[in-house]
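K.L.:
Pasting a predicted model and its sequence here:
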Amino acid sequence: MFSNQYFAFPFFTLLALASAYFIIKVKKPEQILLSAALICAPWSGGVWITPVKFDFRLTYVFLLGALIFSLSRSYRFKNKIPVLITVPLFCFLIWITIGATQTYDSAIALGDGTITFVLNFVYLFVITRITANKLDVDYLLKSVCLGLFFTAVLAFLQYKIRFFHLGFIDGKFTTFMWWRTRSTFHHANAFGFYLMLVIPFIFREAILLIRTKNLKTGKYFIISLLLGCFAIFTTQNRGAWVGLAFGMAVIIFIDFFRKGAKKTRKTMIRVLVILCVISIFPLMRYGPRMYDRLFEGKDGFSNKAQSRLEYNVDAWKQVEKHPIMGCGYSNVRYYSSIIFTHNLYLLVLSETGYPGLIMFLLYLLGITLEGVRAMKTKNNFFISTMGSALLTTLLALFLASIPGPDYGITSQVSSHLWILTGIVISLNGINSRLIKQQKILKRKQLLQRQLAVNGNGTATQPSGLRPVQV
C-alpha cells in the first residue's frame, strides 16, 4: 500500500475501524466491518497475490469479515437482488473464467476478472442482506462520505506537500501521471472516475439534509462535496469532468420538471448557487489550465479523437480473431503496440467477445432499471432522490466510458458502482415492504369498518372470499 508498509497498513486499518465505530455506534460487528470496508474502498494497494496477480486490498479484509458475520445471523427482512442483475453477472463470471483458460496470461484474467467481479458482488450481497431500514442506509452513506473525505484530503496533501509523497504513486510506482494528481491512486484517471461516481450521491444527500434542516450532519456532506469537486480538478480527467457534468445536467433538468418537487427545486437552486459562488475563486486561479487541458489548443479535439482511434486499432484486431471468447479479460494489453484501448465497451468486446459484451450491457441495464424504479417512487422522497443519484452516476459512467476504460481496469472504480447499486436496491426493498405493510393495514381497517357495520362479529372480505371471524 505505502512505501513503509509496517507503518501505513496498521495505521489505516485502525483509522477505518475507528471511523466506522463512531458512525455505527451499535453492537453489530457486520455493520461496523461493512462501514470500514466502504471507508477504505477508494484506497489502493494491499497484499499482492502473485499466482493470480491480484492486489488484495484492505477493504476486502473488512468486506469478507462482514460477509462471515452476516452469514452467521438470520435477518427478518431480506432485500432481493433483481434477476436482471444476478443472471447476466453470473453468466459473465462463468464466461470470463472459461475464457481465462485460453488466454495469454490466465493469472491476470482470473485476478482482475473473476476475483474482482466476485468481490464486487460480495459488496452488493452484504449491503442488501444487512440493510433493513433507512437508518442502515444512513450508515452506508456516511461511510461513503467519509471515504471520499479521507481520500480527497490525502490527495491534497500529496499534491502540495512533499512530505506526503509517499503513497500509492511513489518510488517504483511513479508514472507519467504523477504531475496530474499525486493522489492516492496509481492512475489519475481512476481517481477522477471514482469521484465522478460518488459525488452525485454526496450532492443528493447534502440537498436532503439541508431540506430537512439537519445541518449538523449536512455540513459534513457539504464539506466532502466541496473537497470532491475540487479534487476532481486535480485529476485532470476530461472524461470524468464531461461525464459528471452531463449526468448532473440531465437528472437536474428532469428534477426541475417533476411534479411535487417544488421544495427540492428551491433547495437544489440554493446548493448550486453556493457551489457556483465558491467555485469562482478556484476557476480564476485554475480556469485557464482547465481550458487548456480540455481543449488542448485549436485542433485539440480532432487530434485527441485521432489518437484514441489509433489506440483502438489493436483491440479491433482481437475482435476479428476472437469474436466469441475474446482474447481474455485484462489481456488486450499484451496485444497493443501503443496503449491499449481507451473505450470501455470495445475493451470488454475485445477481451470477452460478443457474448461477454451482451452480458455486460445486460447487467448495466438491470442496474439502470433499479435506478429508474427508485427515482419513480412517489411515497418516499429519500428513495426517489437516491434513485436520481444512481441514474446521474450511470449516465456519467456511460458517457465517460466512451473515451475511458477505467471501470474495466480499476477495482476502486468498479467496486463503487456495486456499492452504490446495493444502496439503491436496499432502498427499493425497504419501499416494497412499506407498501405491503400499508396494504395490510388498509385491509385490516376495511375489515374493521365492515365489522362495525354488520355488528354480528363477521366481516366480508373485499375480494369476495368467505367471511373472516374477528
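P.N.:
Received it, and whenever you're ready, just let me know what you need.

K.L.:
Not counting stretch 202-218 itself, show me its contacts.
P.N.:
141-142, 144-145, 148, 221-222, 224-225, 228, 248, 263-264, 267-268, 270-271, 381-382, 385-386, 388-389, 392 (CB atoms under 8 Å, 6 or more residues apart in numbering). From N, CA and C alone the C-beta is placed, and that goes for glycine too.

K.L.:
run the last query once more with 7 Å
P.N.:
Residues outside stretch 202-218 that contact it (CB atoms under 7 Å, 6 or more residues apart in numbering) are 141, 145, 148, 221-222, 224-225, 228, 263-264, 267-268, 271, 382, 385-386, 388-389.

K.L.:
Just to be sure, which of those residues are found in helices?
P.N.:
141, 145, 148, 221-222, 224-225, 228, 263-264, 267-268, 271, 382, 385-386, 388-389 (DSSP state H).

K.L.:
which among those end up buried?
P.N.:
Burial by neighbour count, judged by 16 or more other CB atoms under 10 Å, picks out 141, 145, 148, 221-222, 224-225, 228, 264, 267-268, 271, 382, 385-386, 388-389 from the ones in helices among the contacts of stretch 202-218.

K.L.:
can I get the CA coordinates of the helix or strand that contains Pro88 in CSV?
P.N.:
Taking DSSP states H and E as the criterion, Pro88 maps to helix 83-100. Taking C-alpha atoms only, helix 83-100 is exported to CSV below (Å, rounded to 0.1, in the frame of the first residue of the first chain):
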residue,chain,number,x,y,z
VAL,A,83,-32.7,-11.3,-11.6
LEU,A,84,-31.7,-9.0,-14.5
ILE,A,85,-28.6,-8.1,-12.5
THR,A,86,-27.7,-11.5,-11.0
VAL,A,87,-28.2,-13.7,-14.1
PRO,A,88,-26.1,-11.7,-16.5
LEU,A,89,-23.5,-11.1,-13.9
PHE,A,90,-23.1,-14.9,-13.1
CYS,A,91,-23.2,-15.7,-16.8
PHE,A,92,-20.5,-13.1,-17.3
LEU,A,93,-18.4,-14.6,-14.4
ILE,A,94,-18.6,-18.1,-15.8
TRP,A,95,-17.8,-16.8,-19.3
ILE,A,96,-14.6,-14.9,-18.3
THR,A,97,-13.5,-17.8,-16.1
ILE,A,98,-13.8,-20.2,-19.0
GLY,A,99,-12.0,-17.7,-21.2
ALA,A,100,-9.2,-17.4,-18.7
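
K.L.:
Pull the distance from it to the chain's centre.
P.N.:
Here helix 83-100 is found 20 Å from its chain centre; the criterion is CA atoms, centre = their mean, to the nearest Å.

K.L.:
what does stretch 104-121 give?
P.N.:
19 Å.

K.L.:
residues making contact with it?
P.N.:
Residues contacting stretch 104-121 (CB under 7 Å, 6+ apart): 51-54, 60, 63, 89, 93, 96-97, 99-100, 103, 328-331, 334, 411, 414-415, 418.

K.L.:
Only the buried subset of those, as a PyMOL command please.
P.N.:
Selection of buried members from these for PyMOL, criterion 16+ other CB under 10 Å:
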select buried, resi 52+53+54+60+63+89+93+96+97+99+100+103+328+329+330+331+411+414+415+418
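
K.L.:
returning to that earlier point: what average pLDDT does the helix holding Pro88 get?
P.N.:
In this model, helix 83-100 has a mean pLDDT of 94.

K.L.:
So which other helices or strands are in contact with that helix?
P.N.:
If you count contacts as 3 or more CB pairs under 7 Å, 6 or more residues apart in numbering; DSSP states H and E, helix 83-100 packs onto helix 116-130, helix 344-375.

K.L.:
Nearest spatial neighbour of Ile252, chain-adjacent residues omitted?
P.N.:
Spatial nearest neighbour of Ile252, chain neighbours left out: Met268 (6.7 Å); criterion: CB to CB, 6 or more residues apart in numbering.

K.L.:
repeat for Ile232
P.N.:
Per CB to CB, 6+ apart, closest to Ile232 is Leu195, 4.3 Å.

K.L.:
Please list all residues in contact with Val372.
P.N.:
Leu391 are the contacts of Val372 under CB under 7 Å, 6+ apart.

K.L.:
so how far is Ile251 from it?
P.N.:
From Val372 across to Ile251, the span is 11 Å (CB to CB, to the nearest Å).

K.L.:
what residues are shared contacts of those two?
P.N.:
Common neighbours of Val372 and Ile251 (CB under 7 Å, 6+ apart) are Leu391.

K.L.:
which helix of the chain spans the most residues?
P.N.:
helix 411-454.

K.L.:
Tell me what angle that helix forms with helix 116-130.
P.N.:
Taking axes from the mean of the first three to the mean of the last three CA atoms, to 10 degrees, one finds helix 411-454 and helix 116-130 inclined to each other by 30 degrees.

K.L.:
Mean pLDDT and distance to Pro82 added to the helices and strands packed on helix 83-100, as a markdown table?
P.N.:
Listed next are the helices and strands packed on helix 83-100 as a markdown table, based on pLDDT from 0 to 100; distance: least, CB to CB, whole Å:
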| stretch | mean pLDDT | distance to Pro82 |
| --- | --- | --- |
| helix 116-130 | 94 | 10 |
| helix 344-375 | 94 | 5 |
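
K.L.:
Would you convert those into a markdown table that also reports distance to Ile280?
P.N.:
A markdown table is the format used below for the helices and strands packed on helix 83-100 (distance: least, CB to CB, whole Å):
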| stretch | distance to Ile280 |
| --- | --- |
| helix 116-130 | 38 |
| helix 344-375 | 32 |
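
K.L.:
ok, Lys78 touching Thr131?
P.N.:
No. In this structure, Lys78 is not within contact of Thr131 by CB atoms under 7 Å, at 9.7 Å.
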